[in-house]
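Novice: Starting from these lines, generate the structure:
(one chain, ligands or ions: 3)
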Amino acid sequence: MELTPISSSHADTDTECLVVGVSENNSVVGSDKELDTLISELVDSGDFKPKAGSQIILRNPIGLRTKRLVLLGVGKADKFDALAQNEAFITLGRTLKGLPINQATLDLGSLTFGNQGALERLGYGLAWSSYEYTTTKPKQIDDDTKVLSALQVIGSDTDQSHLATGIKIGQGANLTRELGNLPGNTCTPRYLADQAIRLADRFNNLSCEVFDENMLEEIGMHCMLSVSRGSDEPARFIILQYQGAGDPNLKPKILVGKGVTFDTGGISLKPSAAMDEMKFDMCGAATVMGCMQCICELGLETNVIGVIAAVENMPSGRATKPGDVVTTLAGKTVEILNTDAEGRLVLCDALTYVERFNPEAVIDIATLTGACLIALGRHNTGLLSTDDELANELYEIGRDTGDPCWRLPIEAPYQKLLDSNFADIANIGGRDAGTITAACFLSRFTEKYRWAHLDIAGTAWFSGGKAKGASGRPVPLLVNWLRA
Ligand code: BES
Ligand code: MN
Ligand code: ZN
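Specialist: Numbering: from 1, shown residues only. Ligands and ions are numbered 1, 2, ... in the order given. Sure thing, here's the model as predicted:
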């Protein structure tokens, strides 16, 4: 998307489509008489109600040079919060995408009141809605089909740079969505590794290392390997290192993603209903990829490491069985009572591995438990942490960016549920508090640094129905944490 700043009045703007925000408090834009009159008439007559997200499209409006005018309601300016903005701007993006235009002009002031967060969310919404999954469902595109590729923006240079930032965050989320949407027979651990290598090829200060199963064996990541034993697809452990700080020794922030490219449950086989959705079980890994692309594009002046533990969880004659005991990289033994609780088994070794980077903080991202969906639904990501400061930071950033998370506790009484008669720790804690016991398991491997866990089982994708597909969450939350 090409962005060009312009400074002209609306009436003079020669454009295929002019987009103006209209608030309930002050329905007129104020800079242009013809436009103000038109909007006042539409609002007074009741033809347009400027509720947040409402829209009206007018063709060839009298007194303006634009061919189309899109009015976007922003409701009461002070109530137009991050969530409402995300929703309104995605709807706006869809509308623009549906119009036969190559170019549009946005009045940033009236859409976002010059607010940095709102400008970023506008960019995010426009980029987010421009993505469509076509890789295995190609779309017929005629040569004369018009695609929106250029935006003129009425606003300051600063406004424009915030908009551009938002677009980059949206494009990061779109990479996450694409990887999530790809079927399990394409997006294997080896495929994820190839994509990580390609990403590193695109940026000077991003490097990539990939470990194969022999190397994992040598390092001692037996717990991760136990998950992929049943699969013909070999596991991959991927490390992306971004050097953005002037000081190469500045402690890195680390993201660790669960990359189960398909989760059948293994010998503890899942029921077949909606099992296809377990192709999304690598959305934590996809989030790491999306964030890494985004911070490279933004050129963040900080050091970040992205780690992906990629495996396929399959049943077979070689697969790990319930009751098997494996030794983790940390040296602790684990009794695997349920092979479907595999996410924590790959993450624990990855979390131990990253100790060597002396991290500033580590956040793991995982579609870890169905219980999180029961507890929090599809609105909040599950947030669990042994560090109050880090947890509060993530909570606040989530509210501010419209990519919310909600904290659940990690406390000693829950830890007991993981006691095993045959190993240091069991990999499940029974039916109760499933999201918490999963995080308790991880917490046994994160004692050497500040750590938080994001359970994205409910938020990483839209289930069933027309919207079915990856959501790109929590890329905005994490990118904003990395920038903070
Ligand atoms: N990938 C699943 C979690 C999941 C399930 C995400 C449904 C989204 C929707 C994870 O590997 C899993 O199977 N977890 C088990 C844990 C249980 C065996 C303790 C679960 O949630 O049922
Ligand atoms: Mn599972
Ligand atoms: Zn899983």
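Novice: what sits against whichever residue of the stretch 251-400 of the chain sits closest to ligand 3?
Specialist: Nearest residue of the stretch 251-400 of the chain to ligand 3, counting by CB to the ion: D263, 3.7 Å away. (Each C-beta comes from the backbone N, C-alpha and C, glycine too.) Shown in contact with D263 (CB atoms under 8 Å, 6 or more residues apart in numbering): 270, 278, 281, 313, 340, 342-343.
Novice: Any chance you could note which residues of this structure sit beside ligand 1?
Specialist: Within the chain, the positions adjacent to ligand 1 are 263, 281, 338, 340-343, 367-371, 373, 428, 434, 457 by CB under 6 Å from any ligand atom.
Novice: Quick one: residues contacting A309.
Specialist: Contacts of A309 (CB under 8 Å, 6+ apart): 224, 235, 237, 256-259, 285, 346-347, 349-350.
Novice: what's across from the residue of the stretch 251-400 of the chain closest to ligand 3 in the sheet?
Specialist: N313 (DSSP bridges).
Novice: if we can go back for a sec, of the contacts of D263, which qualify as buried by neighbour count?
Specialist: Burial by neighbour count, 16 or more other CB atoms under 10 Å: within these this picks out 278, 281, 313, 340, 342-343.
Novice: D364 contacts G284, doesn't it?
Specialist: Yes - at 7.1 Å, D364 counts as touching G284 under the criterion of CB atoms under 8 Å.
Novice: and for those two, which residues touch both?
Specialist: 256-258, 454.
Novice: Just among these, which is most surrounded?
Specialist: G257 (33 neighbours; other CB atoms under 10 Å).
Novice: ok, is the host helix or strand of it in contact with ligand 2 or not?
Specialist: G257 belongs to strand 253-263 when assigned by DSSP states H and E. Yes - applying CB under 5 Å from the ion, one finds strand 253-263 in contact with ligand 2 at D263.
Novice: got it, and stretch 275-284?
Specialist: No - Stretch 275-284 stays clear of ligand 2 (CB under 5 Å from the ion), getting no nearer than 7.0 Å.
Novice: and the residue in the chain that ligand 2 sits nearest to, helix, strand or coil?
Specialist: Nearest residue of the chain to ligand 2, counting by CB to the ion: D340, 3.8 Å away. Under the three-state scheme (DSSP: H, G, I helix; E, B strand; the rest coil), D340 adopts coil.
Novice: and the closest residue to it other than its chain neighbours, how far is that from N338?
Specialist: Nearest residue to D340 in three dimensions, chain neighbours excluded: G265, at 3.8 Å (CB to CB, 6 or more residues apart in numbering). Going from G265 to N338 by CB to CB, to the nearest Å gives 8 Å.
Novice: next one: G430
Specialist: As judged by CB to CB, G430 and N338 stand 10 Å apart.
Novice: ok, now A452?
Specialist: Distance, A452 to N338, using CB to CB: 25 Å.
Novice: and if you look at E447?
Specialist: 25 Å.
Novice: Between those two, which is the more surrounded one?
Specialist: Per other CB under 10 Å, whichever of E447 and N338 has more neighbours is N338, with 14 against 11.
Novice: Can stretch 266-275 be said to contact ligand 3?
Specialist: No - applying CB under 5 Å from the ion, one finds stretch 266-275 separated from ligand 3 by no less than 9.1 Å.
Novice: tell me, which helix in the chain spans the most residues?
Specialist: helix 157-181 (DSSP state H).
Novice: helices or strands up against that one?
Specialist: On a contact count with 3 or more CB pairs under 8 Å, 6 or more residues apart in numbering; DSSP states H and E, helix 157-181 meets strand 2-6, helix 108-112, helix 116-130, strand 150-154, helix 283-298, strand 469-470, helix 475-483.
Novice: and if we set it to 7 Å?
Specialist: Applying 3 or more CB pairs under 7 Å, 6 or more residues apart in numbering; DSSP states H and E, one finds that helix 157-181 contacts strand 2-6, helix 116-130, strand 150-154, helix 283-298, strand 469-470, helix 475-483.
Novice: in stretch 84-98, what counts as buried?
Specialist: 84-86, 88-93, 95-96.
Novice: which among those gets closest to N25?
Specialist: Nearest to N25 out of the buried residues of stretch 84-98 is A84 (CB to CB; 14.5 Å).
Novice: Tell me the secondary structure at the closest one.
Specialist: Per three-state DSSP, A84 ends up helix.
Novice: how about the nearest residue to it, chain neighbours excluded?
Specialist: Leaving aside its sequence neighbours, A84 sits nearest to A52 (CB to CB, 6+ apart; 4.6 Å).
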